[in-house]
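> Structure for the following, please:
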Amino acid sequence: MKAATEYLWFNTTRQREFINITDKVQQVVAQSGIQEGFVLVSAMHITAGVYVNDAESGLIADIEEWLEKLAPYRPDYRHHTTGETNGDAHLKSLLVHHQVIVPVTDGKLDLGPWQQVYYAEFDGRRRKRVILKVLGE
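Numbers count the residues shown, from 1 in each chain. Reported below is the predicted structural model:
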């Protein structure tokens, strides 16, 4: 079995961003030379997530609204007693999850017709990264 590791870096400009990284993930898969296997896509920050879903702007707005309803920004999170103000970002990350595994077939991401890979940032305006680990033959 072969393995390849790559890091994607992000400098987000907003507190919350949803970034389509499908093409970048596919590029890393292609460069790995792996034809059959999997790619792990994992956010390396506790206030971010990775998910697979449709690249439709209305749905992305719905996801952001849904997350805000489930884990709204509030000043009274216990986490804020540490001096941080991002308790909601930690909870949003738990809801989205921090990683996905995508199958690789014939050297390409084996996604459904509307599926895209997204990086979700919930405490932005600073440098963040994602690890891509491609495994297979």
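
> going forward, measure contacts between C-alpha atoms and count neighbours the same way
Will do.

> Setting aside sequence neighbours, what's the nearest residue to the residue nearest the centre of the chain?
Geometric centre of the chain, nearest residue: V50, 2.2 Å, by C-alpha atoms, centre = their mean. Computed as C-alpha to C-alpha, 6 or more residues apart in numbering, the closest residue to V50 that is not its neighbour in sequence is Y119, at 4.7 Å.

> So which residues of the protein form strands?
With DSSP state E as the criterion, the chain has strands at 2-11, 17-20, 37-43, 48-53, 99-105, 108-109, 116-121, 127-136.

> tell me which strands and helices the biggest helix by length in the chain is in contact with?
In the chain, assigned by DSSP state H, the helix with the most residues is helix 57-70. Under the contact criterion of 3 or more C-alpha pairs under 8 Å, 6 or more residues apart in numbering; DSSP states H and E, helix 57-70 touches helix 87-96.

> what's the helix it packs on packed up against?
strand 48-53, helix 57-70.

> Now tell me what touches it from outside.
46-51, 67-68, 70-74, 77-80, 122-123 (C-alpha atoms under 8 Å, 6 or more residues apart in numbering).

> cutoff 7 Å now
Applying C-alpha atoms under 7 Å, 6 or more residues apart in numbering, the contact partners of helix 87-96 are 46-51, 67, 71-73, 77, 79-80, 122-123.

> can you check stretch 111-123 too?
Applying C-alpha under 7 Å, 6+ apart, the contact partners of stretch 111-123 are 15-22, 47-55, 86, 89.

> cool, and stretch 9-20?
For stretch 9-20, contacts defined as C-alpha under 7 Å, 6+ apart pick out 116-130.
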